[in-house]
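Asks: I'll drop the sequence and a predicted model, then ask my questions.
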Amino acid sequence: MGLAELFAAVLLAGISAINAAIPVGAYARLRDGRFLLIGASSAGLALLGALWTWGSLPYRPPAWAGPSLPVELLVLVVALFLLAATLWPRHA
């Protein structure tokens, strides 16, 4: 796989892992289940990014772990929208 696929996969894993921490912290304070669901979806995207990172490395990963750059970029956009929705200030 190429360097672009590896970069997008690492970026996806990092952004999603950071984004999972914010709603889980809000869930710990407020006990609102919506925050837990947002955190779980971000954790799932981080796991997908980690899987694609493994698939991009030259250590002979399984074929099902191989990333595709257009799909990676689409999922990265979804992760960025999820991060923006998490960080957007709430109107009181």
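Replies: Here it is on my side, so go on. All values derive from a computational prediction rather than experimental measurement.
Asks: tell me which residues of stretch 82-90 are tucked away?
Replies: 82, 83, 86 (16 or more other C-beta atoms under 10 Å). Backbone N, C-alpha and C define where each C-beta goes, glycine included.
Asks: again with stretch 57-77
Replies: Here stretch 57-77 shows 61, 67, 72, 75, 76 as buried, counting by 16+ other C-beta under 10 Å.
Asks: Disregarding flanking residues, what is the spatial nearest neighbour of the third one?
Replies: For residue 72, ignoring the flanking residues on the chain, the nearest one in space by C-beta to C-beta, 6 or more residues apart in numbering is residue 8 at 4.3 Å.
Asks: Verify the contact between that neighbour and residue 68 for me.
Replies: No: between residue 8 and residue 68 there is no contact under C-beta atoms under 8 Å: 10.1 Å.
Asks: pLDDT below threshold where in the protein?
Replies: 1, 92 (pLDDT under 70).
Asks: contacting residues around residue 40?
Replies: residue 20 (C-beta atoms under 8 Å, 6 or more residues apart in numbering).
Asks: Tell me the helix or strand right after the helix or strand it falls within.
Replies: Taking DSSP states H and E as the criterion, residue 40 maps to helix 33-56. Next along the chain after helix 33-56, taking DSSP H and E as the criterion, comes helix 69-87.
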